[in-house]
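K.L.:
3D, please:
(one chain, ligands or ions: 2)
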Amino acid sequence: MTIKHILITITLMSITFGLRSQTSLISGHIPSAFLVNAEVEIQVINLTQPDTIILTPDASGLYEYNAPVGNDYKVSSSVVGGKRYSDFVNGVSTLDQVLIMRHILAVDIFTSPNKLIAADVNLDGKITSIDLVLARRLILGIIQDFGHSNSWFIRPITDPTLEAYELINLQSDATGLDFITIKLGDVNGNAVID
Ligand SMILES: [Ca+2]
Ligand SMILES: [Ca+2]
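P.N.:
Ligands and ions are numbered 1, 2, ... in the order given. As a prediction, the model looks like this:
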């Protein structure tokens, strides 16, 4: 093999390597019915080379991003507009009020993370009579919100207590990073999502 041949071979190998993109797929779903009345963003935060990519899920709820490998990422989602953004009353009823009261009185303690998140309507990290009073006032129409702008949470389906999926040193496709929606104040989960 001549030097020319060797150089051509090396060049071809370089091109082949260059074309084979050094990325892995980050993807998942959020419930498509939720998107009917909500503008939702997926945030892919590259922690290694600080950068934030904002994605919009398609009509089926799917989001996809080809991420450069070798970095750490956080993948989270939030409501940024639409009817769901100020959707406080949806799903909050006297039954939720009773369930929150039973939890506070230790008659029937919540074990599901979804319920624990939903019941803490003032977002202070604990479920107390203040949450109960706020839920009651909302039901009676005395207040229109819980004193902040978070009506729905979108959380990793594998662990709703986490705010984001964490991917350390991404080397292969990370698919199935699905999200669930949790409506604040709706402990029994009957808020309408479409
Ligand atoms: Ca609370
Ligand atoms: Ca409810």
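K.L.:
Look up which residues are beta-bridged to the closest residue to residue 56 other than its chain neighbours.
P.N.:
Spatial nearest neighbour of residue 56, chain neighbours left out: residue 41 (6.6 Å); criterion: Cβ to Cβ, 6 or more residues apart in numbering. (C-beta placed from N, C-alpha, C; glycine too.) With DSSP bridges as the criterion, residue 41 is bridged to residue 78.
K.L.:
Report how many residues lie close to residue 41.
P.N.:
Residues contacting residue 41 under the criterion other Cβ atoms under 10 Å number 16.
K.L.:
Follow the chain on from the worst-scoring helix or strand of the chain on mean pLDDT and name the next helix or strand.
P.N.:
Counting by mean pLDDT, DSSP states H and E, the chain has its least confident helix or strand at helix 3-19, which shows a mean of 54. Going down the chain from helix 3-19, the next helix or strand is strand 23-29, by DSSP states H and E.
K.L.:
Tell me which residues are up against that next one.
P.N.:
44, 57, 60-69, 73, 75, 165, 167, 170-179 (Cβ atoms under 8 Å, 6 or more residues apart in numbering).
K.L.:
where exactly do the strands run in the protein?
P.N.:
Secondary structure of the chain (DSSP state E): strands located at 23-29, 39-46, 51-55, 62-68, 73-81, 152-156, 165-167, 179-183.
K.L.:
quick one, which of these is nearest to ligand 2?
P.N.:
The closest of the strands of the chain to ligand 2 is strand 179-183. By Cβ to the ion, the value is 7.7 Å.
K.L.:
who does that closest one touch, helix- and strand-wise?
P.N.:
helix 113-119, strand 152-156 (3 or more Cβ pairs under 8 Å, 6 or more residues apart in numbering; DSSP states H and E).
K.L.:
JSON lines for those, including mean pLDDT, distance to residue 132 and mean neighbour count?
P.N.:
Formatted as JSON lines, those follow (pLDDT from 0 to 100; distance: least, Cβ to Cβ, whole Å; neighbours: other Cβ atoms under 10 Å):
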{"stretch": "helix 113-119", "mean pLDDT": "96", "distance to residue 132": "9", "mean neighbour count": "20"}
{"stretch": "strand 152-156", "mean pLDDT": "96", "distance to residue 132": "19", "mean neighbour count": "22"}
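K.L.:
Enumerate the residues of the chain near ligand 2.
P.N.:
Residues of the chain found near ligand 2 (Cβ under 5 Å from the ion) are 91, 96, 186, 188, 190.
K.L.:
Just the buried residues from the residues you listed, in ChimeraX please.
P.N.:
The buried subset of the residues of the chain next to ligand 2, as determined by 16 or more other Cβ atoms under 10 Å, is captured in ChimeraX by this line:
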select :91,96,186
